[in-house]
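Q: here are the coordinates; sequence isn't available:
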Ligand SMILES: Cc1ncc(COP(=O)(O)O)c(C=O)c1O
């Protein structure tokens, strides 16, 4: 048997494929340089690039209102303010999500109710959501985690059937290009957010987007994020107009250069998502006989994922996951245990008792853990492995990865 690289044997992979993202072409550089030369560096001075970004998305998602903002986090914060989340309002959220999906809600004093995930997936459990919804629920947040879409249509139909009025907000930060029943994420709920931070499939380095169906929410969102010029130009509601000069205390405008970068990538986005799907198909072909891991290819048949990264469930009981990862890393596989943690176990929620956030809150000692365990997301988070979302991979490179996994699998007794 070949000795593991971890113990001095020869590495299974000589040259680990490099992960580099985004792809910036010479024409992207020329485009951005031209923007600088034309002084297109602030919305209030010249707004074409930002208008173009919003128009692109309105057409792409067939949604009426869209605001380009400086991050996904500020898009979430703006959404919560726009729909009027305030102290004590019930909001159902996934525990397994990026912190920014939920944390802004503590500034409004919302009553945060965590839902578990589906078994062995990163997605919010619709069954658990159904158990937790009440007439008091104002908002249900879903995250299309890792590019796997949540079946928002099922939640929506169930809410309607039971005459609940809760709104649905989709966090699409990791899932641009994904679909449910042929419909793009971002157009399935009442509101949606995207992020253009560097790791995302469509990126401007930093940036975010808020998608809204309702005009009143849209105008409130403008007031919060684009005070003065845009507020004066677009707000038609007489009650809101009186605040156009002062705004509501924030400026979340996107930088035009970030918008320019996003626009340059926009037409290539579907190709990027397709490439990731092709890569996933290669993984599926090569990883079918590796008993230690289960590749997460598709979760629900009627959905089309866009893959934020390539994920594997570690299903071996005998060897500790960290040892397994160490052995793979030594062979040249850049795999890591996913860093996403269930939020309900985090100290910020241990202290949280529906009071609005204040700095005093940070000084409190941990009082109690969140009441209910959420078994599925707690278990999933401990056994999921991540490979970067490579754009370009050859069949040979995927086979090399698979061979490295096989080598570690065959030698696993030496890891115990
Ligand atoms: C699911 C999810 N929501 C929200 C965000 C926040 O986006 P941003 O980093 O642009 O603030 C991220 C960013 O990683 C994310 O992954």
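A: Yes, it's here. If you're wondering where the values come from, they're calculated on a predicted model, not measured in any experiment. Residues are numbered from 1 along each chain as shown.
Q: For residue 384, give me its contacts.
A: Counting by CB atoms under 8 Å, 6 or more residues apart in numbering, residue 384 touches 122, 296, 311-314, 337-338, 340. Quick note: C-beta positions are derived from backbone N, CA and C, even for glycine.
Q: let's go with 10 Å and repeat that
A: Applying CB atoms under 10 Å, 6 or more residues apart in numbering to residue 384 gives the contacts 96, 120-122, 146, 293, 296, 311-314, 321, 337-338, 340.
Q: Which ones among those map onto strands?
A: Taking DSSP state E as the definition of strands, those contribute 293, 311-314, 337.
Q: The ligand: which of those is nearest?
A: Nearest to the ligand, judged by CB to the nearest ligand atom, of the ones in strands among the contacts of residue 384 is residue 311 at 14.0 Å.
Q: Leaving out the residues flanking it, which one is nearest to that closest one?
A: Spatial nearest neighbour of residue 311, chain neighbours left out: residue 296 (4.3 Å); criterion: CB to CB, 6 or more residues apart in numbering.
Q: do residue 195 as well
A: residue 72 (2.9 Å).
Q: still on that earlier bit, using ChimeraX, make a named selection holding only the buried ones among the ones in strands among the contacts of residue 384.
A: In ChimeraX, selecting the buried portion of these, with burial taken from 16 or more other CB atoms under 10 Å, looks like this:
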select :293,311,312,314,337
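Q: got the ones in strands among the contacts of residue 384 as CSV, with distance to residue 325 and pLDDT columns?
A: Below are those laid out as CSV (distance: CB to CB, whole Å; pLDDT from 0 to 100):
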residue, distance to residue 325, pLDDT
293, 11, 98
311, 14, 97
312, 10, 98
313, 13, 98
314, 8, 98
337, 6, 97
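Q: circling back to that earlier point, for the residue nearest to residue 195, what are its contacts?
A: By CB under 10 Å, 6+ apart, residue 72 lies in contact with 98, 100-101, 171-174, 193-197, 200, 206-210.
Q: Give me the subset of those that also touch the ligand.
A: The subset of the contacts of residue 72 within reach of the ligand, by CB under 6 Å from any ligand atom, is 98, 100-101, 171, 173-174, 195, 197, 208.
Q: Out of the residues you listed, who's the most crowded?
A: Within those, neighbour counts (other CB atoms under 10 Å) peak at residue 171, which reaches 31 neighbours.
Q: what's around the closest residue to residue 100 other than its chain neighbours, how many residues?
A: Excluding the flanking residues, the one nearest residue 100 by CB to CB, 6+ apart is residue 73, at 4.1 Å. Residue 73: 21 surrounding residues under other CB under 10 Å.
Q: In the stretch 1-150 of the chain, what residue comes closest to the ligand?
A: Relative to the ligand, the nearest point of the stretch 1-150 of the chain is residue 72 (2.5 Å; CB to the nearest ligand atom).
Q: Return the residues of the stretch 1-150 of the chain in contact with the ligand.
A: Residues of the stretch 1-150 of the chain lying close to the ligand (CB under 6 Å from any ligand atom) are 71-73, 97-98, 100-101, 143.
Q: Output those in a markdown table; the columns should cover pLDDT and secondary structure.
A: Formatted as a markdown table, those follow (pLDDT from 0 to 100; DSSP: H, G, I helix; E, B strand; the rest coil):
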| residue | pLDDT | secondary structure |
| --- | --- | --- |
| 71 | 98 | coil |
| 72 | 98 | helix |
| 73 | 98 | helix |
| 97 | 98 | coil |
| 98 | 98 | coil |
| 100 | 98 | helix |
| 101 | 98 | helix |
| 143 | 99 | strand |
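Q: Tell me the one of the residues you listed nearest residue 260?
A: Relative to residue 260, the closest of those is residue 71; by CB to CB it sits at 16.8 Å.
Q: Would you list the phi and psi of the closest one?
A: Here is the backbone geometry of residue 71 (degrees, to the nearest 10): phi -170, psi 170.
Q: can you pull the contacts of it?
A: Shown in contact with residue 71 (CB under 10 Å, 6+ apart): 77, 100, 173, 193, 195-197, 206-209, 252, 254, 258.
Q: again with residue 25
A: 31, 264-265, 268 are the contacts of residue 25 under CB under 10 Å, 6+ apart.
Q: before we move on, what about residue 77?
A: With contact taken as CB under 10 Å, 6+ apart, residue 77 is in contact with 69, 71, 100, 103-105, 107-108, 193, 208, 210, 224-225, 250, 252.
Q: Could I have the ChimeraX command that selects the buried members from those?
A: Applying 16+ other CB under 10 Å to the contacts of residue 77, the buried members can be selected in ChimeraX as follows:
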select :69,71,100,103,104,105,108,193,208,210,224,225,250,252
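Q: before we move on, the earlier item: just checking, the residue nearest to residue 311 touches residue 148?
A: Yes: the pair residue 296 and residue 148 passes the contact test of CB atoms under 10 Å, sitting 7.5 Å apart.
Q: Let's see which of the contacts of residue 71 end up in helices.
A: With DSSP state H as the criterion, helices contain 77, 258 from among the contacts of residue 71.
Q: With distance to residue 382 as added columns, please give the contacts of residue 71 in TSV.
A: TSV is the format used below for those (distance: CB to CB, whole Å):
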residue	distance to residue 382
77	30
100	22
173	23
193	28
195	26
196	30
197	26
206	31
207	32
208	30
209	32
252	35
254	37
258	36
